[in-house]
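Chemist: I need the structure of the sequence given here:
(one chain, ligands or ions: 1)
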Amino acid sequence: MTKTAGAESERPGPDPALFDKIVNLCKRRGIVFGSAEIYGGFRSAYDYGPIGAQLLRNVKDAWWRSMVQMRSDVVGLDASILGPPQVWEASGHLKNFTDPLVDCTVCKTRHRQDQLDDPDLCPNCGSRGTFTEARAFNLMFRTQAGPVEDAGAEVYLRPETAQGMFVNFKNILETSRKRPPFGIAQVGKSFRNEITPGNFVFRTREFEQMELEFFVPPVEAPQWYEYWLAERLRWYADLGIPTHQLRLRAHDADELSHYSSGTSDVEFLFPWGWGELEGIANRGDYDLRQHAEHSGQKLEYFDQASGERYVPHVIEPAAGATRALMAFLLAAFRTEVVNDELRTVLGLHPRLAPYKVAVLPLSRKEPLPGLAGDVLAMCQPHWMCDYDETQAIGRRYRRQDEIGTPLCVTVDFESVDDRCVTVRDRDTMAQDRVPIDALVEHLTGRLDL
Ligand code: ATP
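Modeler: The predicted structure follows:
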């Protein structure tokens with residue numbers, strides 16, 4: 001069954017050309033670089049440059065703001081990336097966190113069988129019936145802690161952040177004075193030895209996740225599942241992704257994990273078609289029960305008011321920060337012709353925009369840079385700001401449009417006398433004259449962060 005969130009009729013198809021435009025923009029403007037490029041690159045890992053690092057931080061901050069800061073029923077966690085095998089034994093990852101791997105015996109390429117359009121046809125060389133038997137390939141990265149390479153030193157890089165919340169459930173219950181329904185949220189790196197990484201930062205071996213484990217009384221699980229579906233879809237829409245590029249897709253019964261009574265993905269219309277941004281699952285009491293059994297600890301909640309003792313059920317919205325960044329870039333990108341010139345704009349939501357304000361002195365001749373420096377110093381405590389005094393002003397506006405800066409502040413020769421600056425809007429290109437003394441207040445109102 002497919003549940004869709006936008007009107008079918010208004011939904012345009014994917015735009016394959018957009019992918020290359022975004023990859024080019026990312027490289028050209030220092031948003032995302034291939035990792036270790038000076039050594040020829042390292043497939044499936046990426047480095048976020050000055051603008052990308054800020055954008056990624058803003059995506060994670062926007063999630064944290066909505067999921068932790070604005071709620072009183074969610075607390076945060078920052079758990080370790082390295083974990084002992086017991087955690088992954090209990091969670092089921094050692095046994096089940098596998099993808100079906102097939103090799104083509106003709107061209108020697110490897111594929112994930114469940115992602116092939118035709119399970120008998122090699123998409124690389126076109127041979128039919130040349131795949132090996134599928135083998136279960138575990139996606140976890142294994143390494144060792146300390147100088148000894150014996151089994152006791154074996155550790156894993158986490159393939160998801162979620163287990164940190166389950167193994168800390170008791171700690172947090174005892175120290176935070178929260179009671180179900182309440183959640184534990186975490187943002188951080190995860191690692192999966194993906195068989196077929198690709199599509200830029202959509203699928204990489206090292207990536208960032210933003211996950212919430214929301215613990216609820218068992219009878220309330222269905223309603224909280226529905227609540228989080230709506231809430232998470234709204235988060236992407238509120239941050240500027242058009243609703244016709246978003247949908248909720250409920251998993252079919254044969255896609256569901258054995259313990260899940262419901263899972264839906266928030267999907268985005270990527271240039272190659274619909275792809276997952278986030279999975280929202282009703283996980284029942286599976287995780288806490290598994291860890292209770294393997295650790296011998298009681299992982300349950302005792303409700304003093306009712307005298308009831310129970311293992312909470314869990315609703316898990318699990319999103320990818322790096323994948324969301326890509327979706328926000330794709331959704332924000334537009335080009336338009338202005339005065340016979342092509343203008344590229346990243347229409348990012350101001351909360352996500354890497355720089356909120358750019359300060360631009362019209363000329364490099366003093367006293368303009370000095371005055372612009374003062375204006376910059378006024379703005380920097382409030383927002384991430386850029387400063388640029390090179391090239392013609394029109395070129396500088398275009399450069400800011402291309403990285404999504406919502407507002408530019410231009411200091412010109414008149415500013416020296418009238419103590420006013422020009423505030424120029426990324427989307428409308430309208431220009432307003434504003435007194436320097438009132439600038440911070442003016443920009444605060446305009447940015448609406
Ligand atoms: P997929 O089916 O795409 O492999 P998944 O269902 O295994 O994803 P989850 O385990 O639900 O993914 O992880 C939650 C989120 O983490 C995903 O929706 C995605 O945004 C992100 N994510 C998972 N794997 C990767 C990856 N290899 N690279 C980037 N982001 C990822």
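Chemist: Setting aside sequence neighbours, what's the nearest residue to residue 276?
Modeler: residue 265 (4.5 Å; C-beta to C-beta, 6 or more residues apart in numbering). Every residue, glycine included, has its C-beta placed from N, CA and C.
Chemist: Look up the pLDDT of the one you found for me, please.
Modeler: Listed pLDDT for residue 265 reads 98.
Chemist: Correct me if wrong: it contacts residue 249.
Modeler: Yes: at 5.0 Å, residue 265 and residue 249 qualify as touching, with contact defined as C-beta atoms under 8 Å.
Chemist: Give me the distance from stretch 55-65 to the chain's centre.
Modeler: 8 Å (C-alpha atoms, centre = their mean, to the nearest Å).
Chemist: Please point out which parts of that stretch sit buried.
Modeler: 55, 56, 58, 59, 60, 62, 63, 64 (16 or more other C-beta atoms under 10 Å).
Chemist: quick one: which of those residues is nearest residue 82?
Modeler: Using C-beta to C-beta, residue 60 is the member of the buried residues of stretch 55-65 that sits closest to residue 82, with 21.0 Å.
Chemist: so how far is residue 286 from that closest one?
Modeler: Using C-beta to C-beta, to the nearest Å, residue 60 is found at 27 Å from residue 286.
Chemist: what do you get for residue 54?
Modeler: To residue 286, residue 54 is 38 Å away according to C-beta to C-beta.
Chemist: In the stretch 101-250 of the chain, what residue spans correspond to helices?
Modeler: All helices of the stretch 101-250 of the chain, identified by DSSP state H, counting those that start in this stretch, fall at 162-167, 169-176, 221-238.
Chemist: So is the shortest one next to the ligand?
Modeler: No: for helix 162-167, no contact with the ligand is found by C-beta under 6 Å from any ligand atom; the gap never falls below 8.5 Å.
Chemist: which helices and strands does that helix pack with?
Modeler: Packing partners of helix 162-167 (3 or more C-beta pairs under 8 Å, 6 or more residues apart in numbering; DSSP states H and E): helix 85-91, strand 182-191, strand 206-216, helix 286-295.
Chemist: Would you tell me which one of these is buried the most?
Modeler: strand 206-216 (a mean of 24; mean count of other C-beta atoms under 10 Å).
Chemist: Stretch 57-75: end-to-end distance?
Modeler: With C-alpha to C-alpha, to the nearest Å as the measure, stretch 57-75 spans 19 Å from end to end.
Chemist: since we're on the residue nearest to residue 237 when sequence neighbours are not counted, how many residues are nearby?
Modeler: Nearest residue to residue 237 in three dimensions, chain neighbours excluded: residue 243, at 5.5 Å (C-beta to C-beta, 6+ apart). By other C-beta atoms under 10 Å, the residues close to residue 243 number 16.
Chemist: Quick check, residue 243 in contact with residue 266.
Modeler: No: taking contacts as C-beta under 8 Å, residue 243 lies outside contact range of residue 266: 11.7 Å.
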